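Colleague: have a look at this prediction, sequence included:
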Amino acid sequence: MERARITVFDTTLRDGEQSPGCSMNVQEKLRLAHQLDRLGVDVIEAGFPIASDGDFAAVQAIAATVGRPIIAGLARACAPDIERAWQALKGAARPRIHVFLATSDIHLKYKLRISRQQCLEQARDAVRLAKSFCEDVEFSPEDATRTDREFLCQILEAVIEAGATTVNIPDTVGYSMPAEFSELIQTIRQRVRGIEKATISAHCHNDLGLAVANSLAAMAAGARQVECTINGIGERAGNASLEEIVMAIRVRPDRYAYETGVVSEQLFSASQLLGEITGVPVQPNKAIIGRNAFAHEAGIHQDGMLKNPLTYEIMTPQSVGVPDSRLVLGKHSGRHALGLRCEQLGYHFERRELDEIYRRFVVMADQIKHVQDHHLLELIQETQGSARRIPPAHVEARPAARAAAAAVGVGREYFQKPFSVPLATDLNGSTLPLNPMAEHHCEQEDYLWGV
Ligand SMILES: [Zn+2]
């Protein structure tokens, strides 16, 4: 089966950065941009150059040092924005100017105070100006999903004629339903003259929790670019989550005949790096990269997992770069899982010994929700006597994880956060360092604009 190539447009550094508590400085943005490059995204939207000097500097620095992907900069549909964007982008090997203008009546009337005709002319002129600087121009009609369809088609026709090579359809307020969004993309393909000259893109927000579903529906209707962010960060409830879109395509090739250039094994590192930089943690049950995404607590699940991971796993933790599946030890856990964790900590017990450990473990698990490794070690020491210690080879042996950590330029504490089995020196119950959220709050900018 022929697979259509989907362009993955990452806007973590632009739309994502606009979310509360997620602003980043130039060095942090550069670090993340290099990880996005390793991740294999096609386009990095590096920022909104006119929004601040910091944003300008970040876009310029990324354009100068990250050579493989297309580097995009956002601009409102006016000359100062577009010129500023070009100044920041011109050093890029593959620059893209991304121009946007609201098109829904509610935005035209209350925000821009212009007529539809003025809107159409402004969009066309802006794209022409951008095109005079840069071959690669993207246009977004902001609030497209609440825009009159006839007018939306007219605008798209005008901007394609003016030279736009990508037309992005933003569900700016996260209002659309999958079937409806699919219909909208189909309508655009049928009605807009010259649409075959441009790539159709989807940009979905998650206000109703449908951003990924809407993005997948758009692809099925003919969109060939998706705009998304790491960990799904973004304005309000966030953008479509990059890792969820990529893995939905990868896990269900029978339903989605697409491919991306994303190296899925880099997803976890990208997620961790973003969390480390912003200090904004990922919810534990977040699909693909949450702390519990590959954790199994129920005894029957744990037993099945240990016999054959396919019993409860639709993808391996390794396929998204998580070092190991994590069996959470709680009161629902069985002997098998407990025995394995003991072995991971360097202890091997005979059946009778394990029974005694298990008996004490159940009492403990009844009192505390999750039995951590240091609890288990205390319990083992109490019961020990006849326990035989074996060298903790597999506790230490994580060369791939450590290499990955080294590759993204982060220290040991990076891999100690959610998934790793603590090393012997960390087993005294020491707490992990919390992220310095405070230094990020004061930098939050109110851009007022965005798609
Ligand atoms: Zn957006």
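Modeller: Everything's here; your move. Residues are numbered from 1 along each chain as shown.

Colleague: identify the residue nearest residue 29 in space, chain neighbours excluded?
Modeller: If the residues on either side of it in the chain are set aside, residue 29 comes closest to residue 58, at 4.3 Å by C-beta to C-beta, 6 or more residues apart in numbering. All C-beta atoms are positioned from the backbone trio N, CA, C, and that covers glycine.

Colleague: please identify the helix or strand for that neighbour.
Modeller: Here residue 58 sits within helix 53-65, counting by DSSP states H and E.

Colleague: for residue 96, same thing?
Modeller: Applying DSSP H and E as the criterion places residue 96 in strand 95-102.

Colleague: so what does that strand touch, helix or strand wise?
Modeller: Applying 3 or more C-beta pairs under 8 Å, 6 or more residues apart in numbering; DSSP states H and E, one finds that strand 95-102 contacts strand 70-76, helix 79-89, helix 116-133, strand 137-142, strand 166-171.

Colleague: please repeat the previous calculation with a cut-off of 10 Å.
Modeller: In terms of contacts (3 or more C-beta pairs under 10 Å, 6 or more residues apart in numbering; DSSP states H and E), strand 95-102 is packed against strand 43-47, strand 70-76, helix 79-89, helix 116-133, strand 137-142, helix 149-161, strand 166-171.

Colleague: angle of it against strand 137-142?
Modeller: Direction vectors for strand 95-102 and strand 137-142, defined by axes from the mean of the first three to the mean of the last three C-alpha atoms, to 10 degrees, enclose an angle of 20 degrees.

Colleague: export strand 95-102 as PDB, just CAs?
Modeller: Listed in PDB are the C-alpha atoms of strand 95-102, where the atom choice follows Å, rounded to 0.1, in the frame of the first residue of the first chain:
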ATOM      1  CA  PRO A  95      13.100  29.500   5.700                       C
ATOM      2  CA  ARG A  96       9.400  29.800   5.800                       C
ATOM      3  CA  ILE A  97       7.300  32.900   6.500                       C
ATOM      4  CA  HIS A  98       4.000  32.000   8.200                       C
ATOM      5  CA  VAL A  99       1.400  34.800   7.800                       C
ATOM      6  CA  PHE A 100      -2.000  34.800   9.500                       C
ATOM      7  CA  LEU A 101      -5.100  36.900   9.500                       C
ATOM      8  CA  ALA A 102      -8.500  36.200  11.200                       C
END
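
Colleague: and the ion, is it touching that?
Modeller: No: for strand 95-102, no contact with the ion is found by C-beta under 5 Å from the ion; the gap never falls below 9.3 Å.

Colleague: neighbouring strands - and their directions - for that strand?
Modeller: Strand 95-102 has its sheet partners listed here by DSSP bridges as strand 70-76 (parallel), strand 137-142 (parallel).

Colleague: buried ones in the helix holding residue 58?
Modeller: Applying a neighbour-count criterion of 16 or more other C-beta atoms under 10 Å, one finds 54, 55, 56, 57, 58, 59, 60, 61, 62, 63 buried in helix 53-65.

Colleague: burial count for residue 262?
Modeller: Counted by other C-beta atoms under 10 Å, the residues lying close to residue 262 total 24.

Colleague: residues in contact with whichever residue of the chain sits closest to the ion?
Modeller: With distances taken as C-beta to the ion, the chain approaches the ion most closely at residue 15, which sits 4.2 Å away. For residue 15, the contact set (C-beta atoms under 10 Å, 6 or more residues apart in numbering) comprises 22, 45, 48, 74, 170, 203, 205, 227-229, 233-235, 238-239, 450-451.

Colleague: and the pLDDT at it?
Modeller: At residue 15, the pLDDT value in this model is 96.

Colleague: quick one: contacts for the residue nearest to residue 29?
Modeller: Residue 58 is in contact with 13-14, 17, 24-30, 32-33, 46-49, 52, 73, 88, counting by C-beta under 10 Å, 6+ apart.

Colleague: filter these to the buried ones?
Modeller: The neighbour-count criterion (16+ other C-beta under 10 Å) marks 13-14, 17, 24, 26, 28-30, 32-33, 46-49, 73, 88 among the contacts of residue 58 as buried.

Colleague: of these, closest to residue 331?
Modeller: When the buried ones among the contacts of residue 58 are compared for distance to residue 331, the smallest value, 39.6 Å, is given by residue 32; criterion: C-beta to C-beta.

Colleague: the closest one: what's it in contact with?
Modeller: Neighbouring residues of residue 32 by C-beta under 10 Å, 6+ apart: 10, 12-13, 16-17, 24, 39, 44, 46, 58, 62, 230, 270, 273-274, 276-278, 408.

Colleague: where does residue 41 land in three-state SS?
Modeller: Classification of residue 41 using DSSP: H, G, I helix; E, B strand; the rest coil returns coil.

Colleague: quick check: bridge partners of the residue nearest to it when sequence neighbours are not counted?
Modeller: Leaving aside its chain neighbours, residue 41 sits nearest to residue 10 (4.3 Å; criterion: C-beta to C-beta, 6+ apart). According to DSSP bridges, residue 44, residue 228 are recorded as the beta-bridge partners of residue 10.

Colleague: can you count the residues close to residue 10?
Modeller: Using other C-beta under 10 Å as the criterion, residue 10 is surrounded by 29 other residues.

Colleague: surely it and residue 229 touch.
Modeller: Yes: the pair residue 10 and residue 229 qualifies as a contact (C-beta atoms under 10 Å) at a distance of 6.7 Å.

Colleague: which residues do the two both contact?
Modeller: Between them, residue 10 and residue 229 share the neighbouring residues 16, 45, 239, 242, with contact defined by C-beta under 10 Å, 6+ apart.

Colleague: max pairwise distance over these: which two?
Modeller: Counting by C-beta to C-beta, the most remote pair of the shared contacts of residue 10 and residue 229 is 45 and 242, 12.1 Å apart.

Colleague: overlap in contacts of the two?
Modeller: With contacts defined as C-beta under 10 Å, 6+ apart, the residues adjacent to both residue 45 and residue 242 are 9, 10, 11, 12, 16, 227, 229.

Colleague: which secondary structure element of the chain has the lowest mean pLDDT?
Modeller: The element with the least model confidence among the helices and strands of the chain, by mean pLDDT, DSSP states H and E, is helix 412-416, at a mean of 32.
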